[in-house]
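Chemist: sequence plus the predicted model coming up.
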Amino acid sequence: MKITLLQNTALDITATAIRTCWQSFDNSDHGGRKDLSLIDRVGNKFKHSSTLEHLFYTFYISGISRACLQELARHRIASLSVKSSRYTIKELKEEKPFVVFDDRAGKYLVATGDDMVDDMSLKALENLRVVLDSGISNDRAKYCMPESYKTELTWSINARSLQNFLSLRTDKAALWEMRELAYSIHDALPDSHKYLFKDMIDG
Ligand SMILES: Cc1cc2nc3c(=O)[nH]c(=O)nc-3n(C[C@H](O)[C@H](O)[C@H](O)COP(=O)(O)OP(=O)(O)OC[C@H]3O[C@@H](n4cnc5c(N)ncnc54)[C@H](O)[C@@H]3O)c2cc1C
């Protein structure tokens, strides 16, 4: 998978939002150490978490499976724009038969590392290719896509919801691919923002 941070809100916007409550703008050091510690104190420690909702992140996520996407989409306090299989599975029509799980198959499928599962995924991919090659419409053919089929999306989320996401999905109980996604999303954050998510990753 590949995660790219497309944009994020500057931290001092959140500091301004917090200072609005007490009209303490004069105390600001314009995104310096005082403001950063204020955000952590009010947003995290005082549980005035709604102030963290001013802080937004937009990521481009590619190479996750549809199985992973299905779990990601359960996080309702986020926005997704996903590659449409209805419009894009025609990409398979150009392909030759899939016989082994090589780099060409890896362009379409997430490998699990379990040979039997990956072999069955490959067979499902080849079945899908045959269905499309026979002229059946995308709207019908998509019903035999394997869960391992790769997808991509633009994902936007605020800091409060991202804390919840990271806490749930870096946990050992989460699906392995979701854990990998959660850690990769954390890695893609600006270093200066990571202190807000420390407890969710280490906790
Ligand atoms: C290990 C694990 C196993 C799971 N297994 C399953 C499973 O077997 N089946 C299944 O269906 N799901 C399962 N889930 C998904 C889980 O139930 C949540 O849907 C998902 O983790 C999103 O979490 P969330 O609701 O906190 O996030 P979001 O939807 O982003 O919501 C964020 C927060 O907003 C608040 N909120 C959002 N909507 C409402 C609402 N309608 N009412 C009140 N408060 C709201 C809550 O405080 C919530 O924590 C699993 C999740 C994990 C991490």
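Modeler: Looks like it arrived, so ask away.

Chemist: any idea how many residues pack against the closest residue to the ligand within the chain?
Modeler: Using CB to the nearest ligand atom, the single residue of the chain nearest to the ligand is residue 76, 3.3 Å away. In this view, the C-beta of every residue, glycine as well, is placed from N, C-alpha and C. By other CB atoms under 10 Å, 7 other residues sit near residue 76.

Chemist: tell me the pLDDT of it.
Modeler: For residue 76, the model assigns a pLDDT of 98.

Chemist: equivalent analysis for residue 46, please.
Modeler: pLDDT at residue 46 comes out at 79.

Chemist: can you count the residues close to it?
Modeler: Neighbours of residue 46 using other CB under 10 Å come to 11.

Chemist: now do the phi/psi pair for it.
Modeler: Main-chain torsions, residue 46, degrees, to the nearest 10: phi -80, psi 0.

Chemist: from here on, count from 414
Modeler: With 414 as the first residue, the last one maps to residue 459.

Chemist: that older thread, quick one: the residue of the chain closest to the ligand is in a strand?
Modeler: No. Using DSSP: H, G, I helix; E, B strand; the rest coil, the assignment for residue 489 is coil, not a strand.

Chemist: and it, how far is that from residue 587?
Modeler: Going from residue 489 to residue 587 by CB to CB, to the nearest Å gives 17 Å.
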